[in-house]
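> here is a sequence together with a model predicted from it:
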Amino acid sequence: MMKKFLNKKALFISFITLGIVVILSLSLFFIWTQNTYSAIDAHQIEIEEVKNSEDGWYIYTAVNADKGLILYPGAKVEPEAYAYLAQELSKQNITVAIPSVRLNLPILDVLKANEVIENDNRIEWYIAGHSMGGAAAAMYADQYLNRVNGLILLGAYAPNNDILSESNLPVLSISGSEDGLSTPEKIKKNSTNLPQRTKFIEISGGNHAYFGVYGSQSGDNEAQITVSEQQAIIIDSIVNWLDNVHDTSQGET
């Protein structure tokens, strides 16, 4: 009887210990996700209007826009860090929508784009993402190929997929030669996960953090150009690519 009691007590203690470990692990994970990269002021980067979040989205509306870009932020990077990019793209008649994502990890909120696309089908929607946000955007495109007109990866690469790599979806991949996270080697290695209709652009001197405006990031390399220079290249590359893809799709209809 005593042995049976001791076995039950040991089992009870084991369950309690396991529960404590799980709770502590989840707590530490939650704390880690809240330690985010915030937008900063940078030389030659001017935010003309600070946008407020509406229903979990930062929307930069372009009047009479026929193209829209949904931009998933990088892991633990606050949406405001892409405000300058969105602002400048909106000046080129491109509406940009940046979401706040679950636990600041876009991989946990892959379907977030549906909230915008399902409510506004008047324009051509493209999906984009930086870092983990790019992987999430690629996953969304793989699941909803018929809802987007193209995919843009910023310092990011697509994971293994079912449909995307074999599709005819236009894709733009912009990377940085000094990126310490989505390195040139990783971009090349994972290029087979993208369609043949992918345009690759490597920014000479560009790094990972300068795809946004939030300072330095652990694991990244120092950029050989300024953040304003890298942002200008990104903006020009996106605008030119979108114009070309849009004109091509119009010609095919």
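Yep, that arrived. Residues are numbered from 1 along each chain as shown.
> what about stretch 150-164, distance to the chain center?
10 Å (Cα atoms, centre = their mean, to the nearest Å).
> in that stretch, which residues are buried?
By 16 or more other Cβ atoms under 10 Å, the buried positions in stretch 150-164 come out as 150, 151, 152, 153, 154, 155, 156, 157, 158, 161, 164. Just so you know, the C-beta spots here come from the backbone N, C-alpha and C atoms, and that holds for glycine as well.
> could you export the residues you listed as JSON lines, including pLDDT and secondary structure?
Compiled in JSON lines, those are given as follows (pLDDT from 0 to 100; DSSP: H, G, I helix; E, B strand; the rest coil):
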{"residue": "150", "pLDDT": "98", "secondary structure": "coil"}
{"residue": "151", "pLDDT": "98", "secondary structure": "strand"}
{"residue": "152", "pLDDT": "98", "secondary structure": "strand"}
{"residue": "153", "pLDDT": "98", "secondary structure": "strand"}
{"residue": "154", "pLDDT": "98", "secondary structure": "strand"}
{"residue": "155", "pLDDT": "98", "secondary structure": "coil"}
{"residue": "156", "pLDDT": "98", "secondary structure": "coil"}
{"residue": "157", "pLDDT": "98", "secondary structure": "coil"}
{"residue": "158", "pLDDT": "98", "secondary structure": "coil"}
{"residue": "161", "pLDDT": "95", "secondary structure": "coil"}
{"residue": "164", "pLDDT": "98", "secondary structure": "helix"}
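> ok, so of those residues, who is nearest residue 20?
residue 156 (37.0 Å; Cβ to Cβ).
> how many other residues sit next to the residue lying closest to that closest one once chain neighbours are set aside?
Leaving aside its sequence neighbours, residue 156 sits nearest to residue 134 (Cβ to Cβ, 6 or more residues apart in numbering; 2.3 Å). Residues near residue 134, counting by other Cβ atoms under 10 Å, number 29.
> and if you look at residue 210?
29.
> that one contacts residue 222, correct?
No: using Cβ atoms under 8 Å as the test, residue 210 is too far from residue 222 to be in contact (10.2 Å).
> now do the helices in the protein.
Remark: helices assigned in the chain by DSSP state H are 2-34, 83-90, 114-117, 132-143, 184-189, 227-252.
> check these for me: which has the lowest mean pLDDT.
Per-stretch mean pLDDT for the helices of the chain is lowest at helix 2-34 (a mean of 66).
> what residues are up against the closest residue to residue 66 other than its chain neighbours?
Leaving aside its sequence neighbours, residue 66 sits nearest to residue 123 (Cβ to Cβ, 6+ apart; 5.5 Å). Taking Cβ atoms under 8 Å, 6 or more residues apart in numbering, we find residue 123 in contact with 65, 66, 67, 68, 95.
> please pick the buried ones from the residues you listed.
By 16+ other Cβ under 10 Å, the contacts of residue 123 give 65, 67, 68, 95 as buried.
> min pLDDT across the residues you listed, which one?
Of all these, residue 65 carries the smallest pLDDT score, 91.
> test my guess that that residue contacts residue 91.
No: counting by Cβ under 8 Å, residue 65 does not reach residue 91; the two are 10.9 Å apart.
> which residues of the stretch 51-200 of the chain fall in strands?
Applying DSSP state E, counting those that start in this stretch to the stretch 51-200 of the chain gives strands spanning 57-60, 67-72, 94-99, 124-130, 151-154, 171-176, 198-203.
> what's the second one packed up against?
The reference is to strand 67-72. Using 3 or more Cβ pairs under 8 Å, 6 or more residues apart in numbering; DSSP states H and E, the elements in contact with strand 67-72 are helix 83-90, strand 94-99, helix 114-117, strand 124-130, helix 132-143, helix 227-252.
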